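1. Could you work out the structure for the sequence below:
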Amino acid sequence: MRARLLAFLAILLAGAAGALIGYSFVDLQCHGACATPRGLGGLIGGAIGAGGVAVVAVLTLRAMGEWRTIKANREAEAAAAAEALAAGFLGEPSDRT
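-> All right, here's what the predicted structure looks like:
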């Protein structure tokens, strides 16, 4: 849950930064009545910034989920192997013929 919250906050922060960059980029180049171009620059910059970080966040969250699944599978395999090894040392009957 914490990772998702951090990813969401990162997307918001990147969108705000992108909006500021887009607004400033248009503001530097425009002279006169520039309210609409500045707004569009901010909107497009925010969308690009948030979109880029969203892609990275989704890939990171997927990798974390896969890593946890692999780790849980390895722990289960290790526990099963330890149990089988302990059963062999204690002389319990096995399935071998």
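2. Mind giving me the packing neighbours of the helix or strand of the chain with the lowest mean pLDDT?
-> Sorting the helices and strands of the chain by mean pLDDT, DSSP states H and E puts helix 35-89 at the bottom, at a mean of 93. Applying 3 or more Cβ pairs under 8 Å, 6 or more residues apart in numbering; DSSP states H and E, we find helix 35-89 packed against helix 2-29. (C-beta placed from N, C-alpha, C; glycine too.)
3. neighbours of residue 28, just the number please.
-> By other Cβ atoms under 10 Å, 8 other residues sit near residue 28.
4. whoops, residue 18 was the one
-> Number of residues near residue 18 (other Cβ under 10 Å) recorded here: 22.
5. Contacts only, for it.
-> For residue 18, the contacting residues are 45, 46, 47, 48, 49, 50, by Cβ atoms under 8 Å, 6 or more residues apart in numbering.
6. And those, which two are furthest apart?
-> Spatial extent of those (Cβ to Cβ) is set by the pair 45 and 50 at 9.5 Å.
7. Please look at residue 4 and residue 61 and confirm they touch.
-> Yes: using Cβ atoms under 8 Å, residue 4 makes contact with residue 61 at a distance of 6.7 Å.
8. the more surrounded of those two?
-> Using other Cβ under 10 Å, the more surrounded residue of residue 4 and residue 61 is residue 61, with 14 against 11.
9. can I assume the more buried one is in contact with residue 7?
-> Yes: contact between residue 61 and residue 7 holds when scored by Cβ under 8 Å: they sit 6.1 Å apart.
10. and stretch 18-31, how far out from the chain's middle?
-> On the basis of Cα atoms, centre = their mean, to the nearest Å, stretch 18-31 sits 29 Å off its chain's mean C-alpha point.
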